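# Could you work out the structure for the sequence below:
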Amino acid sequence: MQQLLVLHYQAIAEQDWLLDTFSAERGRQKLILKRPSVSPDLFIQYQCDWFEKTDWPNIKVWQPQQAWRLDNSALYCGLYLNELMVALLPLAEPLPNLYKTYQYTLQALAENQWSEPWLRIFEWQLLQQLGYGFSWQRDQESQVINPHNNYQFIPAVGFVKADTGFSGNDILAFAQGSKEVRVWQLAKRVFRLALDDLLAQPLCSRSLFVTNAATKIDNSQPTKTL
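Numbering: from 1, shown residues only. Predicted coordinates for the structure are as follows:
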C-alpha cells in the first residue's frame, strides 16, 4: 500500500478513470481506476495498491485519507502546482523530498497562509530535481554575486552581470533566507524565466488566476500570485 495524490484525472469509460498521480516512492505515475466507490479528486491523499502487469497499472485498493480544502486563490495555486508537475516531471522517478514539499504547500494553502514563499520554495526544489538548479551566490562565471551590481538571469545558465536587471543585494538576500516581500517577488520573476524555458506551452492555471484575480484578492495579507 502506498500513499499518493492525484495531479490530473480524466474519464476513459462510463465509470473508469485515467489518473496522473504523484507518490514519494514512485514519483509521477499513470494509473487506471475502474468503477471506484469513491471518485477521484484533487488535493486528497489516497492510500492504494495496484496490479503491475499492464502498461498503465490498474488500481485494486483505493482509500481516501487526508484532504486539503483549497478555496479562492489557494485553489488556483494548487492547480498551478499540479499543472507544473504534469508538464515537467518524468514518469517513474521517486522524488520523496518534492512529495513532502508538495504536502506542506497544500497544508499552507489550506490554512490560507501567504502563498508566495511556499510556491517559490516548491518551484526551486522542482528545478533542482529536474537538474536545472543554479547558484544564488555566484554568477555564471563563478564570481561571487556583488551586492552593488545588477544581474540578468539566463535560463540554464544563471545570473550574468549586467548594467540593469536584478539587484545583487536582493539575489543574495534570497540565498540568505530573507522574508521580505520584494525578495520573494524577485524569486518569482527568476523562477518564471527558468520554468517558462522548460514548458512546451503556457500554463492554463496562470490564465485562470489572472482572469479571477480582481475578485479573489485577500486584503488582509500580501497579494497572492503565481
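# Show me what counts as buried in stretch 191-210.
Neighbour-count burial for stretch 191-210 flags 191, 194-195, 203, 205-206, 208-209 (criterion: 16 or more other Cβ atoms under 10 Å). Yep, even glycine has a C-beta here, placed from its N, CA and C like the rest.
# now swap in stretch 140-159 and tell me
Result for stretch 140-159 [16+ other Cβ under 10 Å]: buried residues 140, 145, 149-153, 158-159.
# Only the C-alpha atoms, please, for it, written as CSV.
Provided in CSV are the C-alpha atoms of stretch 140-159 (Å, rounded to 0.1, in the frame of the first residue of the first chain):
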residue,chain,number,x,y,z
GLN,A,140,27.7,32.1,-14.4
GLU,A,141,31.5,32.9,-14.4
SER,A,142,31.7,31.5,-10.8
GLN,A,143,32.3,35.0,-9.4
VAL,A,144,30.6,35.8,-6.1
ILE,A,145,27.5,37.9,-6.6
ASN,A,146,28.3,41.5,-5.8
PRO,A,147,25.5,43.3,-3.8
HIS,A,148,26.3,46.5,-5.6
ASN,A,149,26.0,45.1,-9.1
ASN,A,150,23.0,44.2,-11.3
TYR,A,151,22.4,40.9,-13.0
GLN,A,152,20.3,39.4,-15.7
PHE,A,153,19.1,35.8,-15.4
ILE,A,154,19.6,33.4,-18.3
PRO,A,155,17.7,30.1,-18.1
ALA,A,156,20.0,27.0,-17.9
VAL,A,157,23.0,29.4,-17.4
GLY,A,158,22.3,31.5,-14.2
PHE,A,159,23.0,35.1,-13.3
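# tell me which of the buried residues of stretch 140-159 is nearest to Gly78?
Ranked by distance to Gly78 (Cβ to Cβ), the buried residues of stretch 140-159 are led by Phe153 at 26.5 Å.
# Which secondary structure state does the residue nearest to that closest one when sequence neighbours are not counted sit in?
Distances taken as Cβ to Cβ, 6 or more residues apart in numbering put Val190 closest to Phe153, at 5.0 Å, once the chain neighbours are dropped. Secondary structure, DSSP: H, G, I helix; E, B strand; the rest coil: Val190 is helix.
# wait, isn't Val190 in contact with Ser167?
No: look at Val190 against Ser167 with Cβ atoms under 8 Å: they stay out of range, at 11.9 Å.
# Looking at the two, which has the bigger crowd around it?
Val190 (24 against 17; other Cβ atoms under 10 Å).
# What distance do you get for that one to Val183?
Computed as Cβ to Cβ, to the nearest Å, the Val190 to Val183 distance reads 11 Å.
# Counting neighbours, what do you get for the closest residue to Leu203 other than its chain neighbours?
Counting by Cβ to Cβ, 6+ apart, Glu83 is the residue found nearest to Leu203 once chain neighbours are left out, at 5.1 Å. A count of nearby residues for Glu83, using other Cβ under 10 Å, gives 18.
# Secondary structure element holding Glu83?
Per DSSP states H and E: Glu83 is located in helix 72-88.
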